[in-house]
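Trainee: the following comprises the amino acid sequence and a computationally predicted model.
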Amino acid sequence: MELQMVNVTRKFGEFCAVDDLNLTITNGVYGLLGVNGAGKTTFMRMICTLLPPTSGQILCDGKDIFQMDGEYRNLLGYLPQEFGFYPDFTVKDYLMYIASLKGIRPMVAGKRVKELLEQVGLTKAANKKMKKLSGGMKRRTGIAQAMLNNPKILILDEPTAGLDPSERVRFRNLISELSEERIVILSTHIVSDIEYIANEIWLMKEGQIVQQGNLDDMIASMQENVYACEVSQADATKMMKQFKVSNMKSERGMVELRIIADRPPIPEACVIEPTLEDVFLYYFGEKGGETE
Ligand SMILES: Nc1ncnc2c1ncn2[C@@H]1O[C@H](COP(=O)(O)OP(=O)(O)OP(=O)(O)O)[C@@H](O)[C@H]1O
(Lines give C-alpha, C1' and ligand atoms only; values in the text may rest on other atoms or scores of the structure.)
Protein backbone atom coordinates (compact mmCIF):
# COMPACT_ATOMS: atom_id res chain seq x y z
CA MET A 1 0.00 0.00 0.00
CA GLU A 2 1.34 3.40 -0.96
CA LEU A 3 -0.18 6.81 -0.39
CA GLN A 4 1.26 9.68 -2.32
CA MET A 5 0.66 13.38 -1.85
CA VAL A 6 1.52 15.36 -4.94
CA ASN A 7 1.70 19.15 -4.58
CA VAL A 8 -1.19 19.05 -2.11
CA THR A 9 -2.37 22.51 -1.10
CA ARG A 10 -5.42 23.57 0.90
CA LYS A 11 -6.43 27.19 1.16
CA PHE A 12 -9.23 28.78 3.16
CA GLY A 13 -9.85 32.01 1.26
CA GLU A 14 -6.43 33.60 0.91
CA PHE A 15 -5.02 31.66 3.87
CA CYS A 16 -2.91 28.62 3.00
CA ALA A 17 -3.40 25.95 5.72
CA VAL A 18 -1.46 23.23 3.85
CA ASP A 19 1.17 24.37 1.42
CA ASP A 20 2.37 22.24 -1.49
CA LEU A 21 3.02 18.92 0.30
CA ASN A 22 4.84 16.14 -1.48
CA LEU A 23 5.09 12.88 0.46
CA THR A 24 5.25 9.19 -0.28
CA ILE A 25 3.89 7.03 2.52
CA THR A 26 4.22 3.25 2.84
CA ASN A 27 3.45 0.91 5.78
CA GLY A 28 4.69 2.19 9.12
CA VAL A 29 3.90 4.74 11.82
CA TYR A 30 4.19 8.39 10.85
CA GLY A 31 4.09 11.09 13.49
CA LEU A 32 2.92 14.52 12.50
CA LEU A 33 4.23 16.99 15.01
CA GLY A 34 3.43 20.69 15.04
CA VAL A 35 2.12 23.54 17.17
CA ASN A 36 -1.57 24.45 17.20
CA GLY A 37 -2.71 25.73 13.82
CA ALA A 38 0.21 24.18 11.89
CA GLY A 39 -2.24 22.44 9.52
CA LYS A 40 -2.24 18.92 10.98
CA THR A 41 -6.02 18.43 11.09
CA THR A 42 -6.44 19.91 7.61
CA PHE A 43 -3.80 17.47 6.33
CA MET A 44 -5.55 14.51 7.98
CA ARG A 45 -9.03 15.51 6.85
CA MET A 46 -7.75 15.58 3.27
CA ILE A 47 -6.27 12.09 3.59
CA CYS A 48 -9.66 10.96 4.92
CA THR A 49 -11.42 12.57 1.89
CA LEU A 50 -13.41 14.80 4.24
CA LEU A 51 -11.88 17.89 2.66
CA PRO A 52 -10.69 18.18 -0.93
CA PRO A 53 -7.35 19.86 -1.62
CA THR A 54 -7.56 23.23 -3.38
CA SER A 55 -4.91 21.87 -5.72
CA GLY A 56 -2.73 18.78 -6.02
CA GLN A 57 -3.61 15.11 -5.73
CA ILE A 58 -3.62 12.33 -3.14
CA LEU A 59 -3.06 8.92 -4.70
CA CYS A 60 -3.57 5.46 -3.20
CA ASP A 61 -1.54 2.91 -5.15
CA GLY A 62 -1.66 5.37 -8.05
CA LYS A 63 -5.41 6.10 -7.94
CA ASP A 64 -6.92 9.46 -6.91
CA ILE A 65 -8.55 8.86 -3.51
CA PHE A 66 -11.42 11.25 -4.28
CA GLN A 67 -12.31 9.14 -7.29
CA MET A 68 -12.00 5.80 -5.49
CA ASP A 69 -14.98 6.66 -3.27
CA GLY A 70 -16.22 3.56 -1.32
CA GLU A 71 -13.21 1.52 -2.39
CA TYR A 72 -10.94 3.97 -0.56
CA ARG A 73 -13.21 4.34 2.49
CA ASN A 74 -13.06 0.57 2.99
CA LEU A 75 -9.31 0.94 3.41
CA LEU A 76 -9.59 3.77 5.90
CA GLY A 77 -10.01 4.08 9.67
CA TYR A 78 -10.20 7.52 11.27
CA LEU A 79 -10.18 8.70 14.86
CA PRO A 80 -10.95 12.43 14.80
CA GLN A 81 -9.93 14.78 17.61
CA GLU A 82 -13.50 14.86 18.88
CA PHE A 83 -15.57 11.85 18.02
CA GLY A 84 -19.32 11.90 18.44
CA PHE A 85 -21.20 9.16 20.32
CA TYR A 86 -24.54 8.65 22.01
CA PRO A 87 -23.82 8.91 25.75
CA ASP A 88 -26.42 6.29 26.69
CA PHE A 89 -25.11 3.65 24.29
CA THR A 90 -22.98 0.95 25.83
CA VAL A 91 -19.49 0.49 24.37
CA LYS A 92 -20.61 -2.66 22.59
CA ASP A 93 -23.80 -1.10 21.19
CA TYR A 94 -21.84 1.90 19.99
CA LEU A 95 -19.33 -0.30 18.16
CA MET A 96 -22.11 -2.42 16.64
CA TYR A 97 -23.85 0.76 15.50
CA ILE A 98 -20.70 2.13 13.83
CA ALA A 99 -20.13 -1.29 12.26
CA SER A 100 -23.60 -1.13 10.71
CA LEU A 101 -22.86 2.38 9.37
CA LYS A 102 -19.71 0.95 7.81
CA GLY A 103 -21.83 -1.73 6.13
CA ILE A 104 -20.38 -4.65 8.11
CA ARG A 105 -22.87 -7.57 8.37
CA PRO A 106 -24.14 -8.17 11.95
CA MET A 107 -22.64 -11.69 12.21
CA VAL A 108 -19.22 -10.46 11.14
CA ALA A 109 -19.56 -7.30 13.23
CA GLY A 110 -20.34 -9.23 16.44
CA LYS A 111 -17.16 -11.26 16.10
CA ARG A 112 -15.06 -8.27 15.14
CA VAL A 113 -16.37 -6.15 18.04
CA LYS A 114 -15.52 -8.96 20.47
CA GLU A 115 -11.98 -9.22 19.07
CA LEU A 116 -11.45 -5.48 19.19
CA LEU A 117 -12.80 -5.09 22.72
CA GLU A 118 -10.22 -7.68 23.73
CA GLN A 119 -7.44 -5.96 21.81
CA VAL A 120 -8.10 -2.51 23.27
CA GLY A 121 -8.64 -3.94 26.77
CA LEU A 122 -12.32 -3.08 27.09
CA THR A 123 -13.94 -6.51 27.33
CA LYS A 124 -14.98 -5.88 30.92
CA ALA A 125 -16.37 -2.45 30.03
CA ALA A 126 -18.39 -3.72 27.04
CA ASN A 127 -21.72 -3.08 28.76
CA LYS A 128 -20.73 0.22 30.34
CA LYS A 129 -22.45 3.35 29.05
CA MET A 130 -20.28 5.64 26.98
CA LYS A 131 -20.95 8.57 29.33
CA LYS A 132 -19.46 6.58 32.23
CA LEU A 133 -16.09 5.93 30.53
CA SER A 134 -12.83 7.59 31.54
CA GLY A 135 -10.98 9.69 28.94
CA GLY A 136 -8.61 6.82 28.18
CA MET A 137 -11.43 4.30 27.80
CA LYS A 138 -13.25 6.66 25.43
CA ARG A 139 -10.12 7.00 23.30
CA ARG A 140 -9.70 3.22 23.25
CA THR A 141 -13.32 2.90 22.12
CA GLY A 142 -12.50 5.51 19.47
CA ILE A 143 -9.59 3.48 18.18
CA ALA A 144 -11.73 0.32 18.19
CA GLN A 145 -14.35 2.04 15.99
CA ALA A 146 -11.58 3.17 13.62
CA MET A 147 -10.32 -0.42 13.43
CA LEU A 148 -13.69 -2.10 12.77
CA ASN A 149 -13.07 -2.56 9.06
CA ASN A 150 -9.46 -3.65 9.65
CA PRO A 151 -8.22 -0.58 7.75
CA LYS A 152 -4.99 -0.52 5.79
CA ILE A 153 -4.72 3.21 6.54
CA LEU A 154 -5.33 4.35 10.10
CA ILE A 155 -5.52 8.09 10.81
CA LEU A 156 -5.43 9.27 14.42
CA ASP A 157 -5.83 12.97 15.17
CA GLU A 158 -4.33 13.82 18.58
CA PRO A 159 -5.14 10.35 19.95
CA THR A 160 -3.52 10.92 23.34
CA ALA A 161 -4.93 14.38 24.09
CA GLY A 162 -6.23 14.59 27.64
CA LEU A 163 -4.90 11.20 28.75
CA ASP A 164 -3.02 10.71 32.00
CA PRO A 165 0.55 9.34 31.74
CA SER A 166 -0.31 5.69 32.31
CA GLU A 167 -3.19 5.80 29.82
CA ARG A 168 -0.89 7.51 27.35
CA VAL A 169 1.70 4.73 27.62
CA ARG A 170 -0.99 2.09 27.27
CA PHE A 171 -2.42 3.85 24.23
CA ARG A 172 0.99 4.21 22.62
CA ASN A 173 1.62 0.49 23.03
CA LEU A 174 -1.76 -0.25 21.49
CA ILE A 175 -0.95 1.92 18.46
CA SER A 176 2.39 0.12 18.02
CA GLU A 177 0.59 -3.22 18.17
CA LEU A 178 -1.93 -2.12 15.54
CA SER A 179 0.70 -0.76 13.20
CA GLU A 180 1.74 -4.10 11.63
CA GLU A 181 1.09 -4.15 7.91
CA ARG A 182 -0.65 -0.82 7.68
CA ILE A 183 -0.08 2.90 7.38
CA VAL A 184 -0.66 4.70 10.66
CA ILE A 185 -0.56 8.48 10.69
CA LEU A 186 -0.96 10.23 14.01
CA SER A 187 -0.84 13.89 14.86
CA THR A 188 0.08 15.36 18.17
CA HIS A 189 1.84 18.21 19.83
CA ILE A 190 3.07 15.87 22.55
CA VAL A 191 6.65 15.13 21.61
CA SER A 192 7.12 11.95 23.67
CA ASP A 193 4.22 10.18 21.89
CA ILE A 194 6.03 10.46 18.61
CA GLU A 195 9.49 9.81 20.03
CA TYR A 196 8.41 6.35 21.20
CA ILE A 197 6.33 5.00 18.36
CA ALA A 198 6.85 6.81 15.05
CA ASN A 199 9.18 5.26 12.46
CA GLU A 200 9.12 8.55 10.63
CA ILE A 201 8.51 11.99 12.04
CA TRP A 202 7.14 14.95 10.11
CA LEU A 203 7.60 18.38 11.61
CA MET A 204 4.86 20.64 10.34
CA LYS A 205 5.02 24.40 10.49
CA GLU A 206 2.69 26.87 8.78
CA GLY A 207 1.32 24.24 6.43
CA GLN A 208 4.69 22.85 5.35
CA ILE A 209 6.73 19.81 6.41
CA VAL A 210 9.92 21.55 7.51
CA GLN A 211 11.77 18.35 8.43
CA GLN A 212 11.14 14.64 8.01
CA GLY A 213 12.98 11.45 8.97
CA ASN A 214 13.58 9.23 11.96
CA LEU A 215 14.69 10.47 15.35
CA ASP A 216 18.39 10.37 14.41
CA ASP A 217 17.71 12.36 11.21
CA MET A 218 15.80 14.93 13.25
CA ILE A 219 18.63 15.29 15.73
CA ALA A 220 21.22 15.46 12.93
CA SER A 221 19.23 18.23 11.23
CA MET A 222 19.80 20.59 14.15
CA GLN A 223 22.37 23.22 13.34
CA GLU A 224 22.87 24.06 17.00
CA ASN A 225 24.00 22.18 20.10
CA VAL A 226 22.24 21.40 23.33
CA TYR A 227 24.13 22.62 26.40
CA ALA A 228 23.68 21.94 30.09
CA CYS A 229 24.82 24.40 32.71
CA GLU A 230 24.17 25.35 36.32
CA VAL A 231 23.74 29.04 37.17
CA SER A 232 22.30 31.30 39.86
CA GLN A 233 18.62 32.30 39.77
CA ALA A 234 19.56 35.82 38.63
CA ASP A 235 21.72 34.53 35.76
CA ALA A 236 19.03 32.02 34.78
CA THR A 237 16.50 34.84 34.42
CA LYS A 238 18.93 36.72 32.14
CA MET A 239 19.75 33.63 30.07
CA MET A 240 16.07 32.79 29.59
CA LYS A 241 15.77 36.02 27.62
CA GLN A 242 18.92 35.41 25.60
CA PHE A 243 18.64 31.74 24.67
CA LYS A 244 16.20 28.99 23.75
CA VAL A 245 15.83 27.18 27.08
CA SER A 246 14.31 23.73 26.72
CA ASN A 247 14.31 22.94 30.43
CA MET A 248 15.08 24.48 33.79
CA LYS A 249 15.22 22.86 37.18
CA SER A 250 15.92 24.57 40.50
CA GLU A 251 18.04 22.69 42.99
CA ARG A 252 19.91 23.75 46.11
CA GLY A 253 19.48 27.45 45.29
CA MET A 254 20.95 27.00 41.81
CA VAL A 255 19.22 26.49 38.46
CA GLU A 256 20.09 23.73 35.98
CA LEU A 257 19.44 24.93 32.43
CA ARG A 258 19.17 23.04 29.18
CA ILE A 259 19.93 25.44 26.35
CA ILE A 260 19.85 25.22 22.56
CA ALA A 261 22.46 27.51 21.04
CA ASP A 262 25.13 27.81 18.36
CA ARG A 263 27.81 28.51 20.99
CA PRO A 264 28.33 27.72 24.69
CA PRO A 265 26.06 30.07 26.69
CA ILE A 266 28.74 30.20 29.42
CA PRO A 267 32.27 28.76 29.27
CA GLU A 268 31.44 26.01 31.79
CA ALA A 269 28.45 24.72 29.78
CA CYS A 270 28.83 21.20 28.44
CA VAL A 271 27.36 19.70 25.28
CA ILE A 272 24.72 17.02 25.92
CA GLU A 273 22.75 14.57 23.81
CA PRO A 274 19.69 16.20 22.17
CA THR A 275 16.19 14.74 22.46
CA LEU A 276 13.23 15.19 20.12
CA GLU A 277 11.91 17.80 22.53
CA ASP A 278 15.08 19.85 21.90
CA VAL A 279 14.57 19.42 18.14
CA PHE A 280 10.98 20.63 18.51
CA LEU A 281 12.13 23.70 20.39
CA TYR A 282 14.91 24.30 17.87
CA TYR A 283 12.34 24.49 15.06
CA PHE A 284 9.37 25.99 16.88
CA GLY A 285 10.63 27.78 19.97
CA GLU A 286 11.75 31.33 20.45
CA LYS A 287 14.25 32.91 22.75
CA GLY A 288 12.74 34.28 25.94
CA GLY A 289 10.78 31.09 26.61
CA GLU A 290 7.99 32.05 24.25
CA THR A 291 6.68 29.53 21.82
CA GLU A 292 4.45 30.18 18.89
N1 LIG B 1 -12.69 25.56 7.76
C2 LIG B 1 -11.74 26.46 7.96
N3 LIG B 1 -11.92 27.75 7.57
C4 LIG B 1 -10.95 28.68 7.75
N5 LIG B 1 -9.76 28.43 8.31
C6 LIG B 1 -9.52 27.18 8.72
C7 LIG B 1 -10.50 26.13 8.56
N8 LIG B 1 -9.96 24.98 9.04
C9 LIG B 1 -8.71 25.29 9.49
N10 LIG B 1 -8.46 26.61 9.29
C11 LIG B 1 -7.22 27.30 9.63
O12 LIG B 1 -6.13 26.57 9.09
C13 LIG B 1 -5.03 26.56 10.02
C14 LIG B 1 -4.63 25.12 10.29
O15 LIG B 1 -5.66 24.51 11.07
P16 LIG B 1 -5.60 23.00 11.53
O17 LIG B 1 -6.82 22.72 12.35
O18 LIG B 1 -5.34 22.17 10.37
O19 LIG B 1 -4.32 23.05 12.46
P20 LIG B 1 -3.78 21.98 13.51
O21 LIG B 1 -2.33 21.87 13.28
O22 LIG B 1 -4.60 20.76 13.42
O23 LIG B 1 -4.05 22.69 14.89
P24 LIG B 1 -4.63 22.09 16.26
O25 LIG B 1 -3.53 21.30 16.87
O26 LIG B 1 -4.97 23.33 17.02
O27 LIG B 1 -5.85 21.27 15.90
C28 LIG B 1 -5.50 27.31 11.26
O29 LIG B 1 -4.99 28.64 11.19
C30 LIG B 1 -7.00 27.30 11.15
O31 LIG B 1 -7.55 28.47 11.73
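Mentor: Structure received.

Trainee: the stretch 51-200 of the chain against the ligand: which residues are in contact?
Mentor: His189 (CB under 6 Å from any ligand atom). Bear in mind the C-beta positions are built from the backbone N, C-alpha and C, glycine included.

Trainee: not counting sequence-adjacent ones, nearest residue to Leu215?
Mentor: Nearest non-adjacent residue to Leu215, counting by CB to CB, 6 or more residues apart in numbering: Leu276, 6.0 Å away.

Trainee: quick one: the one you found from the ligand, how far?
Mentor: 17 Å (CB to the nearest ligand atom, to the nearest Å).

Trainee: check Ile155 too.
Mentor: 12 Å.

Trainee: let me know the helix or strand that that residue is in.
Mentor: Using DSSP states H and E, Ile155 falls within strand 153-157.

Trainee: could you give the average pLDDT over that strand?
Mentor: Throughout strand 153-157, pLDDT has a mean value of 94.

Trainee: tell me which helix or strand comes right after it.
Mentor: Assigned by DSSP H and E, the successor of strand 153-157 is helix 165-178.

Trainee: just to revisit the earlier point, okay, now the residue nearest to Leu215: neighbour count?
Mentor: If you count neighbours by other CB atoms under 10 Å, Leu276 ends up with 20.

Trainee: next one: it, what pLDDT does it get?
Mentor: 90.

Trainee: pull the contacting residues for it.
Mentor: Residues counted as contacts of Leu276 (CB atoms under 8 Å, 6 or more residues apart in numbering) are Val191, Ser192, Ile194, Glu195, Ile201, Leu215, Met218, Ile219.

Trainee: surely Ile190 touches Thr160?
Mentor: Yes: applying CB atoms under 8 Å, one finds Ile190 in contact with Thr160, separated by 6.0 Å.

Trainee: what touches both of those two?
Mentor: Arg168.

Trainee: what about Leu203, helix or strand, and which?
Mentor: strand 200-205.

Trainee: now do the contacts for the spatially most central residue of the chain.
Mentor: Centroid-nearest residue in the chain, with CA atoms, centre = their mean: Ser187, separated by 2.1 Å. Counting by CB under 8 Å, 6+ apart, Ser187 touches Gly31, Leu32, Leu33, Gly34, Lys40, Thr41, Phe43, Met44, Leu156, Asp157, Glu158.

Trainee: I'm done for today, thanks for sticking with me.
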